[in-house]
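Asker: quick one, structure for this:
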Amino acid sequence: MTLARNGLIAMVLMLPAAPADAAWEYTRWGMNEAQAVTASRRAVRSLPAAERRMMNARVEYRARGVFAVEGLRMNIAFGFDSKSGGLACISGRGAAAQGDVLRQRLITRFGPPEFDDQHAQSGEQDIGWSAPDKIDLVITAAGFTLLHCAPGY
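Answerer: The predicted structure follows:
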């Protein structure tokens, strides 16, 4: 009985740690710019100051590159918290034919989306998760756009 109770306690204590494991592919939220570039195996490069852009008041895009794996290819940009310098968001864009490949990859990793809205008139598909990370994926005939952010962004 004690062994079973201790096992249950250990499992409960591990539950809050699950969102900390969430991140985007080879990166972890909070990495600094150099760590994120290194983790990408140099598929992403740091941007010179003139090419950096603010996503919003808290996040600045400071690195970009290409992500390619298992039939998926997209241009990505890494957004870092303007105060802490830690990785906060990933943005991605790709061809329309790649949208469903990314959708399936996200479902495999994060489970079913919170919403998956099909808009018949426009053909647009809006897909999103709010946990463990904030993920918005929009697929249109012109291509897809991804915004994947750490909790709180």
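
Asker: centre of the chain to stretch 47-55, how far?
Answerer: Distance, stretch centre to chain centre, for stretch 47-55: 20 Å (C-alpha atoms, centre = their mean, to the nearest Å).

Asker: avg pLDDT for it?
Answerer: For stretch 47-55, mean pLDDT is 97.

Asker: mind listing what's buried along that stretch?
Answerer: 47, 55 (16 or more other C-beta atoms under 10 Å). No exception for glycine: its C-beta is placed from N, CA and C like everyone else's.

Asker: what of stretch 70-79?
Answerer: 72, 74, 76, 77, 78, 79.

Asker: what is the neighbour count of the nearest residue to residue 29 once chain neighbours are set aside?
Answerer: Closest residue to residue 29 apart from its sequence neighbours, by C-beta to C-beta, 6 or more residues apart in numbering: residue 150 at 3.8 Å. Using other C-beta atoms under 10 Å, the number of residues around residue 150 comes to 23.

Asker: check residue 35 too.
Answerer: 14.

Asker: then residue 148?
Answerer: 23.
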